[in-house]
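K.L.:
this is a predicted model, with the sequence first.
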Amino acid sequence: MFVTARFKVRVRLDSMEYFVRKGSIVREVWGKGDTILLVFTGASAEFALNKSVDWLYFTGRLPADPLGRLFSTVGYARKIIFSEKEKAHQAIDSMAAIHAGVESARGMAIPDSAYRDVLFMLIDYSIRSYELLERKLSEAEKMEVFEVFHRVGSRMGINGLPATWQEWLLMREQHLEQNLQKSALTLDLYQQYKKHLGLLRYKMLLEGQKLVVPEKVLELLDLGSLSLMKPVVPAYKISRKINMDWLLKDIILPPAYKAQIKALDQEA
């Protein structure tokens, strides 16, 4: 009877429909803690330049606790990517409701372009980060990353989404050219990064951003194109193979968040 019950549970699990299929490249990207950290290293730069960054300041959560906001966002993204389809939809709907509440409190709507910008960042930096730390993705794998986040955006009701990968490539370039600017909020947000990370880790953040952000972001932030961390990447890849990567992470990560960062690693 016990064997039969266990078999039934296994059958239910095997037949369960996930939002992102098992074995997907998206699960592989978002199942690695260091890749996720690079995604948000890049996004932290672009967020600061976005013309709609004032929305992130409205609640005060981002400038007050940028690292906490990061883990909150990661939590939602991973809940969507690794959950059964219905639970993923619930997470997306919850995220949409939170944004609707912010819109109601401010008495105006978040621009669709701002929603698209965030979605485009997740697509772009998922690809850039994985390729930096792992390998080049095929065109089909990149299209799969696009398709997963396109479904997230569609469920949220975001208008004006590109229908295809090729359309996304064009729109991404247009968004980079039209939706970014360096402002007083850009400078303030970077001061918050510095305050919460400390000088050494802040410098590492800047060097990490140089590794993954597009040229337009580098130009607007005056970061320069040569990262001091570039020679470290091959050594880091080797350290992961011999399980020594946490020696480096212990040096660069804030102690208060090490347990949360270690928990980011998850089987695809």
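P.N.:
Received the coordinates, thanks.

K.L.:
isn't residue 188 up against residue 63?
P.N.:
Yes. Residue 188 lies in contact with residue 63 (Cβ atoms under 8 Å); the separation is 6.7 Å. (Each C-beta comes from the backbone N, C-alpha and C, glycine too.)

K.L.:
more neighbours, the two?
P.N.:
More neighbours surround residue 63 than the other of residue 188 and residue 63, with 18 against 14 (other Cβ atoms under 10 Å).

K.L.:
quick check: the spatially closest residue to residue 35 that is not a sequence neighbour vs residue 189, distance?
P.N.:
Among residues not flanking residue 35 along the chain, residue 129 sits closest, at 4.9 Å (Cβ to Cβ, 6 or more residues apart in numbering). Counting by Cβ to Cβ, to the nearest Å, the gap from residue 129 to residue 189 is 21 Å.

K.L.:
which one's more surrounded, the two?
P.N.:
residue 129 (25 against 22).

K.L.:
in contact with that one, which residues?
P.N.:
29, 35-36, 38-39, 41-42, 212 (Cβ atoms under 8 Å, 6 or more residues apart in numbering).

K.L.:
try it again with 7 Å
P.N.:
35, 38-39, 42, 212 (Cβ atoms under 7 Å, 6 or more residues apart in numbering).

K.L.:
where does it land on pLDDT?
P.N.:
Note for residue 129: predicted pLDDT of 94.

K.L.:
what residues of whatever helix or strand it lives in count as buried?
P.N.:
Assigned by DSSP states H and E, residue 129 belongs to helix 112-133. Going by neighbour count (16 or more other Cβ atoms under 10 Å), the buried part of helix 112-133 is 113-133.

K.L.:
run the chain-centre distance for it.
P.N.:
The chain centroid and the centroid of helix 112-133 are separated by 7 Å under Cα atoms, centre = their mean, to the nearest Å.

K.L.:
same deal with stretch 80-100?
P.N.:
Worked out by Cα atoms, centre = their mean, stretch 80-100 lies 16 Å from the chain centre.

K.L.:
so what touches it?
P.N.:
So stretch 80-100 is in contact with 16-20, 26-27, 30, 76, 79, 110, 152, 155-157, 266, going by Cβ under 7 Å, 6+ apart.

K.L.:
hmm, try it at 10 Å
P.N.:
Stretch 80-100 is touched from outside by 13, 16-20, 22, 24, 26-27, 29-31, 55, 59, 73, 75-79, 109-110, 114-115, 148-149, 151-158, 266-268, with contacts defined as Cβ atoms under 10 Å, 6 or more residues apart in numbering.

K.L.:
same check, this time on stretch 55-69
P.N.:
Contacts for stretch 55-69 (Cβ under 10 Å, 6+ apart): 40, 44, 47-48, 50, 53, 70-73, 98-99, 101-103, 105-106, 108, 110-111, 114, 118, 185, 188-193, 195-197, 253-254, 256-257, 260-261.

K.L.:
which among these count as buried?
P.N.:
Among those, those classed as buried by 16+ other Cβ under 10 Å are 40, 44, 47-48, 50, 53, 70-71, 73, 110, 114, 118, 185, 189-190, 192-193, 196-197, 253, 260-261.

K.L.:
and the angle from the helix or strand where residue 69 lies to helix 112-133?
P.N.:
Assigned by DSSP H and E, residue 69 belongs to helix 66-82. Orientation note: helix 66-82 sits at an angle of 80 degrees relative to helix 112-133 (axes from the mean of the first three to the mean of the last three Cα atoms, to 10 degrees).

K.L.:
show me what counts as buried in helix 66-82.
P.N.:
Going by 16+ other Cβ under 10 Å, helix 66-82 has these buried residues: 66-67, 69-71, 73-74, 77-82.

K.L.:
the nearest residue to residue 211 once chain neighbours are set aside and residue 48, how far apart?
P.N.:
Among residues not flanking residue 211 along the chain, residue 227 sits closest, at 5.1 Å (Cβ to Cβ, 6+ apart). Residue 227 is 18 Å from residue 48, where distance means Cβ to Cβ.
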